[in-house]
Each structure stands twice: as structure tokens, then as C-alpha cells.
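Undergrad: Let me see the structure of the following:
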Amino acid sequence: MRKEEPYKDAAIDIFIRANSLKYPTKEEYISRIRSDVYRRLALQNPQMIILKADAEVSARKSIIGDIDAVDKVFANLKERNRQHIIDAVKEVYFPYKGRRRIPRDVYKDRVLAFATKNYATPQSVNNWLREARMLCAYYKGLTVTEPDSI
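TA: Modelled structure (predicted):
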């Protein structure tokens, strides 16, 4: 029986968004935002620049939360010596440049390609991706149910 994953699309979108930003850490992304504001407003009052930079960081709080969730997922998986799951996430979700859900045929092809390359079954790869999505949803706060694998 299949497990229900109401957060599946949101977790996939989080991974895709993190990749579209070239997968920075939370601190790198915040410093990128601040440096962009400093560069744009270089000739203004320094206090005004700091206020605008803080406002810009605050406006992007959701994206920063997404990046932080992906960082926590990868740190958790790395700590538990589950590098193959990180590789599966990067291989299946990161190359996709679309704005919406990954089309089913693209998803199946990527899972099959990763499974073939890594001597695994597609079902195993889907289970690994489900674990990563579950962790991502938990760290982002999309679900309150703590995953078994933390």
C-alpha cells in the first residue's frame, strides 16, 4: 500500500528552488542579498542601506527557509552516511529547470537512469527520494509528523 504524501509537490519545489539559486547555504544566500542591496544603493546613506538590506532579507524569508531545509536534509543524510540519497535527489530533482511539477515521464526517466547507473532498482530510488522529501517537509514545517529516520 502506498503511503500518503500530501507534501510531495511542495518538497520537490523546495529542492528545485534551492537548485535554481545554485544551491547556496543560508548564510551565503543572505550575504548575496545584502551585497546586492549594498551594490545597488552604494551612494545612499549607510543607515538607509542597512535598513533596506534587512527589509530585503525579511521579504525573502520563505526562500531562506527553503534553503535552510535543504541544508538540514543533506546534513542529516550525510551524518547518517546516506550519500546515495543525496546523489539521487541531485540527479533527479536538480537538473529540472521547469517552473512547475516535474512531468511524469521526465521523472520516471531520471529515476530509471539513476537506478541503472547506481545498480539499484527504481523502487529503491523512489523510496530514497520519499525519505528525502519526508525530511524536507519536516524541516520546512510542512508536516508535524516526525519521520522515522531522524
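Undergrad: residues near residue 67, how many?
TA: By the other Cβ atoms under 10 Å criterion, the neighbourhood of residue 67 contains 22 residues. Backbone N, C-alpha and C define where each C-beta goes, glycine included.
Undergrad: typo on my end, it should be residue 61
TA: For residue 61, which is what you asked about, the neighbour count (other Cβ under 10 Å) is 9.
Undergrad: any idea how far it lies from residue 135?
TA: In this structure, residue 61 and residue 135 are separated by 21 Å, where distance is defined by Cβ to Cβ, to the nearest Å.
Undergrad: From the contact counts, what lies against the lowest-mean-pLDDT helix or strand in the chain?
TA: The element with the least model confidence among the helices and strands of the chain, by mean pLDDT, DSSP states H and E, is helix 8-20, at a mean of 89. Judged by 3 or more Cβ pairs under 8 Å, 6 or more residues apart in numbering; DSSP states H and E, helix 8-20 is in contact with helix 61-79, helix 122-140.
Undergrad: what's next to that helix, contact-wise?
TA: Defining contact as Cβ atoms under 8 Å, 6 or more residues apart in numbering, one finds that helix 8-20 is touched by 63, 66-67, 69-70, 89, 93-98, 101-102, 132-134, 136-137, 140, 142.
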